[in-house]
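> got a predicted structure plus its sequence, pasted below:
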Amino acid sequence: MKPAPTGRAAALAAALLLAACSPTLDWRQVRPEDSGIEALFPCKPLTHARTVPLAGTPTRMMLYACTTGGMTFALTYAELDDPARVTPALEALRAAASANLDGQETLLGPAEVPGMTPNPAALRLSVQGRRPDGGALAQQLVLFAHGTRVFQASVIGAQPEDEPVATFLAGLRRP
């Protein structure tokens, strides 16, 4: 039979137990305004909107993003109002993902988001790049569309962990 832990050992054991129970990733279902999609975020996202050139046309883009556990989780989307703009916009988002990190892209396969509109430019990608200070930066992302709305969901960090990336991307769906 083991002796009872001393006060110091018990305090250390309790501290380790509490640390194991405190979640870095506090998952919640989010329905971004006017997006027509649900996303599963591991922290409470902040929102930001701005007009940016997308495939040569000024476009209002919405961003929902939060940072936790050394990773930033983001969902960006825009309503294009013209079906002819969807594929060029997805291609522009793809090009920007690599350019923003000055990185190397790896195609992981087609996007698989329940309820998305099929499109040859709807893809799952990984980009390995660098921060401005030279530190490594990696991004996992999926580009997809629903009707005339385009989306980019991404997780970015020094080395995004597989499980949170998979959970975030698997949490995307049309309600």
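Structure received. What you see is a predicted model, and the numbers here were worked out from it, not measured in a lab.
> low-confidence regions, this protein specifically.
1-23 (pLDDT under 70).
> how about the residue positioned nearest the centre of it: what's its closest non-neighbour residue?
Residue closest to the mean C-alpha point of the chain, counted by Cα atoms, centre = their mean, is S154 at 2.7 Å. Distances taken as Cβ to Cβ, 6 or more residues apart in numbering place L141 nearest to S154, at 3.8 Å, with adjacent residues excluded. C-betas here are computed from N, CA, C, even on glycine.
> could you do T106 as well?
Leaving out its chain neighbours, the residue that sits closest to T106 by Cβ to Cβ, 6+ apart is S126, at 4.5 Å.
> direction included, what does whatever helix or strand that neighbour lives in pair against?
Assigned by DSSP states H and E, S126 belongs to strand 123-130. Applying DSSP bridges, strand 123-130 is found paired with strand 104-110 (antiparallel), strand 136-146 (antiparallel).
> what's next to the shortest one, contact-wise?
This points to strand 104-110. The contact list for strand 104-110 (Cβ atoms under 8 Å, 6 or more residues apart in numbering) reads 94, 97-98, 122-129, 140.
> coming back round to it: test my guess that the residue nearest to the centre of the chain contacts Q139.
Yes. The pair S154 / Q139 is scored as a contact, 5.5 Å apart, by Cβ atoms under 8 Å.
> need the residues touching each of the two.
By Cβ under 8 Å, 6+ apart, S154 and Q139 have these common neighbours: A97.
> quick one, helices of the protein?
In the chain, the helices defined using DSSP state H lie at 7-21, 86-101, 162-170.
> ok, the nearest residue to L90 once chain neighbours are set aside to A111 distance?
The spatially closest residue to L90, leaving aside those adjacent along the chain, is A121, at 3.7 Å (Cβ to Cβ, 6+ apart). Note on A121: its distance to A111, by Cβ to Cβ, to the nearest Å, is 9 Å.
> which residues do those two both contact?
Any residue near both A121 and A111 by Cβ under 8 Å, 6+ apart counts here, and that gives L143.
> just to revisit the earlier point, residues touching the residue nearest to T106, list them.
If a contact means Cβ under 8 Å, 6+ apart, then S126 has 105-106, 108, 138-141 as its contacts.
> partner residues bridging it?
With DSSP bridges as the criterion, S126 is bridged to T106, Q140.
> would you mind measuring from it to A49?
Going from S126 to A49 by Cβ to Cβ gives 27 Å.
> now do L75
Distance of L75 to A49, computed by Cβ to Cβ: 13 Å.
> what is the burial count for P175?
Per other Cβ atoms under 10 Å, the neighbour tally for P175 reads 10.
> OK, contacts around it?
Taking Cβ under 8 Å, 6+ apart, one finds 31, 36-38 in contact with P175.
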